[in-house]
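Colleague: Sharing a model prediction with you, sequence too.
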Amino acid sequence: MCPHYPTVTPRCSQATWELDVSEPNETFDIVILGGGSGGYAAALRAAELGLSVALVEKGKLGGTCLHNGCIPTKALLHAAEVADQTRESEQFGVKAELVGIDMSAVNSYKDGVVARLYKGLQGMLRGAKNITIVAGAGRLVAPNTVEVDGKRYTGRNIILASGSYAKSLPGLEVDGERIITSDHALVMDRVPASVIVLGGGVIGVEFASVWKSFGADVTIIEALPRLVAAEDAESSKALERAFRKRKINFKVGKPFEKVEKTDSGVRVTIAGGETVEAELLLVAVGRGPNTTGLGYEEQGVRMDRGYVLTDERQRTSVPNVYAVGDIVPGLQLAHRGFQQGIFVAEEIAGENPAVIDEAGIPRVTYSDPELASVGLTEAKAKEQYGADKIKTYNYNLGGNGKSQILKTSGFVKLVRVEDGPVVGLHMVGARVGELIGEAQLIYNWEAYPAEVAQLVHAHPTQNEALGEAHLALAGKPLHAHA
C-alpha cells in the first residue's frame, strides 16, 4: 500500500533532475538519509514547518514502494483482475475471450503508472522551499553528519530512512534467472509456465495470485502453519479455501531445505524430503533492513539483527538521531514509514505529535481475494485482555447485496472487548481493501459497536457489511443473526 503521489509537472527534465547535486550548506535543521516513503514525507512536512532539509538518495526518489513494491505490484494485480474478469465474463452475460497475456503491454501499463507518479513526486520535492536534494550514496560518519561522495552534510537532527531489500535464505543463491526475487519478477517479459513461491506472506501470496491469473501453475511453500500467518487465523483459512478453489497449490508447515537447478528449471526440497519442481523459484521470504555499511553502529546507533532500535517517538540511542520506515522493527508498510516521517518532522519542530499506535496501522493484502485488517487479531486480543473478555462477530458477505453483484464471498469479522470498544477488524473478499478507511477510524477512535451501528451506510455497497456487523454486535441485527 502507498500514499497518493500528486501529479505535478517538474520544473526541469528528468535527466537534469538526476544530475542535480546541490552544494552542501554548513548546517541543516535535518539531514535525511533515504528518499523513500518515510524520508520524503519527513522532508516535505519539515519544509512546511519552516525547517531546512537535506534529503540524500542514491537511487530514485520514492523508494521501494513506488519503484519496486506497492505501485508496480498493484498494477500487475489489477491486470490480473482484468484477465480473470475476461475469463469469467460469461457468468455476467458478457461473452468475451481471453486470447492471452502480452507482458510487454502489461509492463508498459505498469511502468507508465510508476513514471507518472515519479514525475509528480520529483516536481513536488523540486518545488518545495527549504529542501536540498543530494543525489548519491550517503553514510553516517558522525552523529550529526552524513557524507555523500566525499562531501559532508551536517544536521542539527538526522533521520535514518534507508529502506529495505528483498531477502533470501542462507545457502539460497539468487541468480535473477531461475531463482528470483520480487525485484526480478516485476520486470519479467513473459509468464512462466510454472512457479514455486517460497514464502506465504503478503509478497508471496500476491505474486502467486498474479501468476495464477496470468495462467501459470503455482505452488507456495511456507514454513509456518498457515498462509499470511500475521493475519487473523480465520482470514488465513478463508484465503487458503479461496486458493484451493483457484487451484493455487500450497504447502504449509514445510520449511525449505535446498534447491537444485534442473534441465527445465528448479527442484526444491522441503522438510520430509518432498520435492517440488517448476520453471522458476520466487524467493519471497520478506524484506531485510538496508543498514549494512552505512555507519550506523559505528556512530553508536543501537541495532538488532540489522534493524535500528527506537523508542515510541522514533528516537534512536543517539541524541537527535531518529529512524523511520522499514529499518525500524515492525510492519514494513509504505504508509507506516510515511506517517513516521511526518511524526518525526513534527517532533523535531516541537509540535508534540501523538504517538503512532502500530496496531492502528491498516494492513491490506491485494491477492484474490483481498485481505484487510486493522487492530488486534482474536488471538492477540485474548492474550491482551483475557479470553473471557473478548467477543467476536462474523458477518458473511453472502448477505451483502453489492458482494453478490460482484460474485465475491468472504466476511467481516469484529473483535471487541466485552462492554467495550472494537479492538480488531478483519475482512476477506474482493475489494475489501477499500473498506479499511472506515475500519481504521473505528479502531483508532475506540468506537463501541452501538456508536457505529447508528451511522447510515449507503446501499448497495460493501461498506454496508461493516454497518451490519456492528448492528449485530450491538444487539440489533438487521439482515444477520446476532
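Modeller: That came through fine. Numbering: from 1, shown residues only.
Colleague: Now stretch 426-440: buried residues?
Modeller: For stretch 426-440, the buried set under the neighbour-count rule, 16 or more other CB atoms under 10 Å, comprises 426-433, 435-436, 438-440. Every residue, glycine included, has its C-beta placed from N, CA and C.
Colleague: likewise stretch 189-201?
Modeller: 191-192, 194-201.
Colleague: circling back: report the two of the buried residues of stretch 426-440 separated the most.
Modeller: Taking CB to CB as the measure, the buried residues of stretch 426-440 span a maximum distance of 19.7 Å, between 430 and 440.
Colleague: So which residues of the stretch 301-450 of the chain form strands?
Modeller: Per DSSP state E, counting those that start in this stretch, the stretch 301-450 of the chain carries strands over the ranges 303-304, 307-308, 321-323, 363-365, 370-375, 390-396, 411-417, 422-429.
Colleague: The stretch 51-200 of the chain now?
Modeller: Counting by DSSP E, counting those that start in this stretch, the strands of the stretch 51-200 of the chain are 53-57, 131-135, 138-142, 145-148, 151-160, 164-166, 179-180, 194-198.
Colleague: could you give me the average pLDDT of the fifth one?
Modeller: By that I understand strand 151-160. Mean per-residue pLDDT for strand 151-160: 97.
Colleague: Tell me the buried residues in it?
Modeller: Applying 16+ other CB under 10 Å to strand 151-160 flags 153-155, 157-160 as buried.
Colleague: again with the third one
Modeller: If you call a residue buried by 16+ other CB under 10 Å, then strand 138-142 has these buried ones: 138-141.
Colleague: from those, which is closest to residue 47?
Modeller: residue 138 (18.8 Å).
Colleague: Leaving out sequence neighbours, find the closest residue to that closest one.
Modeller: Of all residues beyond its chain neighbours, the one nearest residue 138 is residue 56 (3.9 Å), with distances taken as CB to CB, 6 or more residues apart in numbering.
Colleague: same thing with residue 187?
Modeller: Per CB to CB, 6+ apart, closest to residue 187 is residue 107, 7.0 Å.
Colleague: Could you do residue 57 as well?
Modeller: Per CB to CB, 6+ apart, closest to residue 57 is residue 35, 3.2 Å.
Colleague: my guess is the one you found is in a helix, correct?
Modeller: No. Assigned with DSSP: H, G, I helix; E, B strand; the rest coil, residue 35 falls outside any helix and is coil.
Colleague: I figured it was touching residue 55, is that so?
Modeller: Yes. Counting by CB atoms under 8 Å, residue 35 touches residue 55, with 5.5 Å between them.
Colleague: how many other residues sit next to residue 56?
Modeller: 24 (other CB atoms under 10 Å).
Colleague: I meant to write residue 116 there.
Modeller: 12.
Colleague: Ok, residue 312 next?
Modeller: Count around residue 312 with other CB under 10 Å applied: 9.
Colleague: same question, the one 5 residues further on
Modeller: If you count neighbours by other CB under 10 Å, residue 317 ends up with 14.
Colleague: all helices in this structure, in order from the N-terminus.
Modeller: Ranges of helices within the chain are 14-19, 37-48, 63-68, 70-87, 103-127, 182-185, 202-214, 233-245, 334-348, 378-385, 401-406, 436-444, 449-453, 464-473, based on DSSP state H.
Colleague: Adding mean pLDDT, write these out as TSV.
Modeller: Below are these laid out as TSV (pLDDT from 0 to 100):
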stretch	mean pLDDT
helix 14-19	32
helix 37-48	97
helix 63-68	91
helix 70-87	96
helix 103-127	95
helix 182-185	95
helix 202-214	98
helix 233-245	98
helix 334-348	97
helix 378-385	97
helix 401-406	95
helix 436-444	97
helix 449-453	95
helix 464-473	94
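Colleague: and among those helices, the most buried is which?
Modeller: Of all the helices of the chain, helix 37-48 has the most neighbours on average by mean count of other CB atoms under 10 Å, namely a mean of 27.
Colleague: how big is the angle separating that helix from helix 70-87?
Modeller: 120 degrees (axes from the mean of the first three to the mean of the last three CA atoms, to 10 degrees).
Colleague: by contact count, what packs against helix 37-48?
Modeller: If you count contacts as 3 or more CB pairs under 8 Å, 6 or more residues apart in numbering; DSSP states H and E, helix 37-48 packs onto strand 28-33, strand 53-57, helix 63-68, helix 103-127, strand 131-135, strand 151-160, helix 334-348.
Colleague: In a markdown table, list those along with distance to residue 90.
Modeller: Below are these laid out as a markdown table (distance: least, CB to CB, whole Å):
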| stretch | distance to residue 90 |
| --- | --- |
| strand 28-33 | 53 |
| strand 53-57 | 49 |
| helix 63-68 | 37 |
| helix 103-127 | 23 |
| strand 131-135 | 52 |
| strand 151-160 | 54 |
| helix 334-348 | 38 |
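Colleague: Look at the closest residue to residue 142 other than its chain neighbours and say how many residues are nearby.
Modeller: Distances taken as CB to CB, 6+ apart place residue 299 nearest to residue 142, at 6.6 Å, with adjacent residues excluded. When neighbours are defined as other CB under 10 Å, residue 299 has 19 of them.
Colleague: and if you look at residue 94?
Modeller: Residue 94, neighbours per other CB under 10 Å, totals 10.
Colleague: low-confidence ranges in the stretch 151-300 of the chain?
Modeller: Along the stretch 151-300 of the chain, no part satisfies pLDDT under 70.
Colleague: er, the stretch 351-482 of the chain I mean
Modeller: 481-482.
Colleague: what about 50?
Modeller: Residues of the stretch 351-482 of the chain that meet the criterion pLDDT under 50 are absent altogether.
Colleague: For the residue nearest to residue 138, give me its contacts.
Modeller: For residue 56, the contact set (CB atoms under 8 Å, 6 or more residues apart in numbering) comprises 31-35, 134, 136, 138, 146, 148, 153.
Colleague: Mind putting those into a markdown table with distance to residue 307?
Modeller: Output for these, formatted as a markdown table (distance: CB to CB, whole Å):
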| residue | distance to residue 307 |
| --- | --- |
| 31 | 21 |
| 32 | 18 |
| 33 | 15 |
| 34 | 14 |
| 35 | 20 |
| 134 | 25 |
| 136 | 24 |
| 138 | 19 |
| 146 | 20 |
| 148 | 23 |
| 153 | 24 |
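Colleague: Now, of those, which are buried?
Modeller: 31-35, 134, 138, 146, 148, 153.
Colleague: ok, so of those residues, who is nearest residue 393?
Modeller: When those are compared against residue 393 (criterion: CB to CB), the nearest one is residue 34, at 42.1 Å.
Colleague: Thank you kindly, that will do.
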